[in-house]
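Engineer: here is my input, please return the structure:
(chains A, B and C)
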Amino acid sequence: MSNLARAEGREPLIHLSKRAGISRGKAWSIRIIAVLLGILVCGIAAFLLIEKVQNNPEKIGEFYGTFIKGSFSTSRKFWKFLKNTAVLLCISLALTPAFRMRFWNTGGEGQTLVGVLSAIAVNFYLGGKIPEGILLILMLLAALAAGALWGVIPAIFRAKWGTNETLFTLMMNYIATYLVSYFLVIWVPSGSSTLGKLKNGRLPIIADNENILIVLIVVALTAALYIYLQYTKHGYEISVVGESVRTARYIGINERKVIIRTMILSGMLCGLAGYLIAAGSDQTVTTNSVGGQGFTGIMVAWLGKFNPLAMLLTSALIQLLNQGAMQISKDFGVNSSLTSVIIGIILFFIIGSEFFINYEVHFRGHAKKAARRAIK
Amino acid sequence: MNIWLNFLLDSLAFGAVFVYGSTGEILTEKAGHLNLGIPGIMCMGGAGGCLFLSMVGQSSLPPFLIVLVGIFGSLLFSLLCGFIYSTLTITLRANQNVTGLALTTFGVGLARVIVNKLDPVKYLTSTKSLFRWPFADRTDSIQYMGVLFFLAIIIALVSGWVLFRTRIGLHLRAVGENPATADAVGINVTRYKYVATCIGSCIAGLGGLYYIVDYMGSQEAYLSVEALGWLSIALVIFVLWRPHMTILGATVFGVLYSVGSYLTNVSWIKVTMATTPLLKMLPYVVTIIVLIVSSIRNKKENQPPASLGLSYFREER
Amino acid sequence: MEKQIALQLRGITKRFGPVLANKHVDLDVYRGEILAVLGENGCGKTTLMNMISGIYYPDEGQILIDGKEVVIRSPKDAFDHRIGMIHQHFKLVDLFSAAENIVLGLEKKGRYNLKEINAEVAKIAERYGFHLDPAKKIYDMSVSEKQTVEIIKVLYRGADILILDEPTAVLTPQEITRLFDVLRRMKEDGKSIIIITHKLNEVLEVSDRVAILRRGEHIATVNTDETNEAELTEMMVGRKISLNISRSAPVNAVPRLEVKDLNLFDKEGIQVLKDITFTANGGEILGIAGIAGSGQRQLLEAIAGLQPAADGSVLFYNPKKDRPVTFYHKSLKKVKEMAAQGAFHDRNLNDVSFRGMRDKAIRKWVESGDVLFREDEEMNLRGKDPLEIRQLGIHLSFVPEDRLGMGLVGSMDITDNMMLRSYRKGHAGFLDRKKPKEQAEEIIRELQVVTPGVSTPVRRLSGGNVQKVLVGREIAYAPKVLMAAYPVRGLDIGASYTIYRLLNRQKESGVAVMFVGEDLDVLLELCDRIMVMNGGRITGFVDARTTTKEEIGLLMVRTEQREEEAHE
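Structural biologist: Take a look at the predicted model:
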């Protein structure tokens, strides 16, 4: 009965309601506040985890400064920043059409990895036997096809039987990983399972810089995908299916066809990212070639509200944090996994901030106040 | 001991890691939350246990207290993770996939930073035998079947019993199936979601501790916990969201995971190095097949909880 | 005997955005009585009851139980006050058995033993004469079985105040009789029963008092034995209010859409449309009246190709007589086939057969516009999806009831919503936003849509403006048939009149307009003919110019039984 007694005569303490809309400025200021809070908490984490900061609290300034240092102190670091951002962005872009359709593709990691694997396979078997230009094209085709295949399999089952795509695509990642281990065992007879850098199949170096081409390709892809999603009939259908399957049926869109078509595209673009990794920087494949970027890409895409242009910023932000934290772990003598901790903390804050963009929180007495305002 | 029996016991012991991870994930999913943070939580559970053990590992406390401190540390850290996940996805209604992935990023990283700094002599060398009680002296696979192994079996059985044979379990399943209905009959949806998610996290976290200090008992073990976390999520589908079945399913996964190295003992099977990755791939392939078959057969009892992945907001209808 | 008040509502008000669902409602419920709450759809009955059962929280007003003010914030609070509600849309977990659903949410002490619970449930079911297998899963149950579970659920909890929302809608006459017996027995037990309904005969049969709601307001509460059907109907629908909607006489009304013996079953296999036969004429507004849920939505969706009808036909007469043949929706092959059947003639009324002509010459002739249709085209729409209907060249517009969930995409701006109908046209793979944008601007201007601009997501617009955008788009499609479901629901007066004007203009230009409405005053003044539906059947046609609200009201509540009596 005590519960009841407390309930008597009181309206709820906190009442939530969905916002009808929020101005862009307000939404972004909420997000920026969230990032700032996240950075503040990162500082607290630094006190807890980094002995050098514990011992000299004044080093906290240096801690924050190092974030910038990680990406901008030398031109080599800056280009590394650009290239890594480009690859991460490429994966995020690949996932975007699927997400816009509310198809939760958690398989970016695997789709990218099979892209790397098939490109390297072509390179392994044909490298040096055919002209380099043709080799590069064949590698690209192989990567695109493999990525598309990895993406379309879950899509077919989802379209036909409603098989849960989140879990399906997630599982496909690990099949890809072990497929890579399998081929490594076959390709490397020594038993070390480490494939050395291949001599062939390397994207051309432009203006003495090996990264320019990758960056250019991804910039072009960003623009192309933006146009595809915003200005083509396919992009329009994706939005309608994602927003409301009922509306799609009402105007005669076949949502199964759209799901399958879009996942072929999504997988194919992951394959492209795999190609950039295989032919652009690595010339080899390991089970860790993608290094979790398939998952990071999900967060980049989500933070960018599935808008390719906004994702330019979010992928850069993540990569900035990544390289900055890496620099910190080097300069302050901490384990390199500190990177993940810092990215995790900032992500928590941005994820949490979305709530305040989508919902309004009213405290007790709000209704009466509102009524009084209305009377006036 | 017969080498095959030993192998089976080894798989069972190894499977206990998945039993923890999957049982934890099942409780969370039954509340309607797909927690992709489980790998991170398992790492954190392991790290928390190791951190606390490193403080008491070489002290003169009675053995059972040292074990309890380790378990407490593990629970504390995984509870923290579960609480972060719950706050974001339940109260703040954030996207579950993104939150889970962020939690895994965070948890795996933080666990590595923490354990990396610890002295294995303190948290491992002296405690391993305590956790393996009462079979610490054995040299075969029975040695792994210590305190945490049996705890895993008990937790899986109890969870299965609670979920399907008690009122609380009934309410929890209702929350995951149809939160609006659960709300309408007066079940506190938010509380159930929080409690299930946090308890699920704690259970999963113990899996990390078990793997590091008992089953592997090695200094590098903490680096491979994440992969086992993902496998645990697969196992949830494989056993069709039934906690008591995880014991069996986990053993199957354990067999597939390590059968490669045992097959070399069979003269008539030619095992190459290449077989191992294919065998390790099998758990995932089998999981996908289970997922497909259950969606095609569309038997209601074998589907993921109906509201899995969706936030609940009462006034949205 | 002095009756004790169990539940009191004082000045309850609830708003949903700009819509006022309940306005200062006062209501008393006594112990040991059956109170019927009567009202048309959308009058706020269910909203009011939802506030008693903790689903919604009132914006203003008080709820008193046994004279003490209480706060009901959640269904659990309601249960704690021994209030139980049986919703129209069952709140059951499909995966659970009947017994599991019945005990769901109860925090009883002691062991949870499903066998004992099954036995208990079976006992209650038996006592009240229900047939129920406690172990049966909900997903295996029929609708009436599900309702039985809901009722036993409340009984099991020992509620003192029971609210039943449209409980008889899904029951057979025998089941209804049995339900009423149960209700009477509970009444004798001293329980208060509130039954929401719009079936007058049932109200008169079972209730002690009747509370009438209209447009969110409590009109009156009367003793059942002191009233009659006619009085109740009048209170429910209200006196006729003159709305001054201008209406022109139908000119040249020709059959445009002919529905014959249409039957439709829903996913659960329940028949939702029964032998529907009617004709919609071009140049006329056909009103469709009925309590919501009588099959209006399903009928329109079946015509639009969104629900596959089991049998029957939907014939569309395309007004092509004496109009030029085009390749717009027909291939050359199809044109040749039709010519061979003698479907065309030339300007001099001579038969066109294309015999012995080369394709190029045929094309040229047709494109010159001198090949004309001999008759209107007749096409059967049944079994075709919306895209196929459109590809036949049939301009069928549909303003669905669910504006933002079906007709429009809430997160898209006005321009992009304009494109929903037309985006497939031209420009290869790219979208043409120029024309839709002009169209959007035109609609904003002509219909005075209040919006910051064409690039505002429609979700941010108010209900009336959302509807103007939707109706505007559907009209811009140049329809031959225009179907509108509740197009003025939730709209203010100004916006409503804009919609009436638009529909009238369509009618005058020869379109067959079908208007599903809930406000009888509007139906009476806007439409030419009114078709009344109940329970998936057509219960009658009336001439809107000569009929009365009472006549429609009676047709709306006419049950199958009475209809049979009428036949005898």
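Engineer: residue 166: how many residues sit nearby?
Structural biologist: Just going to use chain A. 21 (other CB atoms under 10 Å in any protein chain shown). Just so you know, the C-beta spots here come from the backbone N, C-alpha and C atoms, and that holds for glycine as well.
Engineer: try again with chain B
Structural biologist: There are 13 residues near residue B:166, going by other CB under 10 Å.
Engineer: next, count neighbours for the residue lying closest to it once chain neighbours are set aside.
Structural biologist: Using CB to CB, 6 or more residues apart in numbering or on different chains and skipping residues adjacent in sequence, the residue nearest residue B:166 is residue C:112, 5.0 Å away. Residue C:112: 15 surrounding residues under other CB under 10 Å.
Engineer: what about residue C:112, which SS state?
Structural biologist: On the three-state scheme (DSSP: H, G, I helix; E, B strand; the rest coil), residue C:112 is labelled coil.
Engineer: give the contact list for it.
Structural biologist: By CB atoms under 8 Å, 6 or more residues apart in numbering or on different chains, the contact list for residue C:112 reads B:165, B:166, B:167, B:170, C:103.
Engineer: with adjacent residues omitted, what lies nearest to the third one?
Structural biologist: The shortest distance from residue B:167 to any non-neighbouring residue, by CB to CB, 6+ apart, is to residue C:112 (4.3 Å).
Engineer: where does residue A:17 sit: helix, strand or coil?
Structural biologist: strand.
Engineer: so where is the chain shaky, pLDDT-wise?
Structural biologist: Using chain A here. Residues of chain A meeting the criterion pLDDT under 70: A:1-13, A:20-21, A:364-376.
Engineer: switch to chain B, that's the one I care about
Structural biologist: In the predicted model, chain B carries pLDDT under 70 at residues B:1, B:267, B:269-271, B:315-317.
Engineer: residue C:478: neighbour count?
Structural biologist: Counted with other CB under 10 Å, the neighbours of residue C:478 add up to 11.
Engineer: check the nearest residue to it once chain neighbours are set aside and give its pLDDT.
Structural biologist: Leaving out its chain neighbours, the residue that sits closest to residue C:478 by CB to CB, 6+ apart is residue C:395, at 5.6 Å. For residue C:395, the model assigns a pLDDT of 88.
Engineer: likewise residue C:120?
Structural biologist: Reading off the model, residue C:120 has pLDDT 86.
Engineer: how is chain C carved up into domains?
Structural biologist: C:5-237, C:252-319+C:383-395+C:479-568, C:321-375, C:408-477 (automatic domain parsing).
Engineer: which one, of these, ends up nearest to residue B:302?
Structural biologist: Checking the domains of chain C against residue B:302 by CB to CB gives domain C:5-237 as the closest, at 10.4 Å.
Engineer: just the helices in the stretch 301-450 of chain C please.
Structural biologist: C:332-340, C:359-367, C:386-391, C:414-422, C:434-446 (DSSP state H, counting those that start in this stretch).
Engineer: tabulate the CA atom coordinates of the fourth one in CSV.
Structural biologist: This points to helix C:414-422. The C-alpha coordinates for helix C:414-422 follow below in CSV (Å, rounded to 0.1, in the frame of the first residue of the first chain):
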residue,chain,number,x,y,z
ILE,C,414,6.7,18.3,-49.6
THR,C,415,8.4,18.1,-52.9
ASP,C,416,9.6,14.5,-52.3
ASN,C,417,6.1,13.5,-51.2
MET,C,418,4.7,15.0,-54.4
MET,C,419,6.9,12.6,-56.3
LEU,C,420,5.5,9.4,-54.7
ARG,C,421,3.0,9.1,-57.5
SER,C,422,5.2,10.4,-60.3
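Engineer: so that helix versus helix C:434-446, what angle?
Structural biologist: 120 degrees (axes from the mean of the first three to the mean of the last three CA atoms, to 10 degrees).
Engineer: so how far is chain A from residue C:121?
Structural biologist: Using CB to the nearest CB, to the nearest Å, residue C:121 is found at 27 Å from chain A.
Engineer: can you tell me which of the helices of the stretch 301-450 of chain C is most buried?
Structural biologist: Among the helices of the stretch 301-450 of chain C, helix C:414-422 has the highest mean neighbour count (mean count of other CB atoms under 10 Å in any protein chain shown), at a mean of 24.
Engineer: same question for it, mean pLDDT?
Structural biologist: pLDDT averaged over helix C:414-422 gives 90.
Engineer: with stretch C:369-379 instead?
Structural biologist: Stretch C:369-379 comes out at a mean pLDDT of 81.
Engineer: return the distance of that stretch from the chain's centre.
Structural biologist: Offset of stretch C:369-379 from its chain centre (CA atoms, centre = their mean, to the nearest Å): 37 Å.
Engineer: for stretch C:58-70, same thing?
Structural biologist: 32 Å.
Engineer: now stretch B:13-22
Structural biologist: Distance, centroid of stretch B:13-22 to centroid of chain: 6 Å (CA atoms, centre = their mean).
Engineer: which residues are in contact with it?
Structural biologist: With CB under 8 Å, 6+ apart, stretch B:13-22 has contacts from B:38, B:42, B:141, B:144-145, B:148-149, B:152-153, B:155-156, B:203-208, B:210-211, B:215, B:228-229, B:231-233, B:235-236, B:239, B:243, B:246-247, B:249-254, B:257-258.
Engineer: do that again at 6 Å, thanks
Structural biologist: By CB atoms under 6 Å, 6 or more residues apart in numbering or on different chains, the list of residues contacting stretch B:13-22 from outside reads B:38, B:42, B:141, B:144-145, B:149, B:152, B:156, B:203-204, B:206-207, B:211, B:228-229, B:232, B:235-236, B:246-247, B:250-251, B:253-254.
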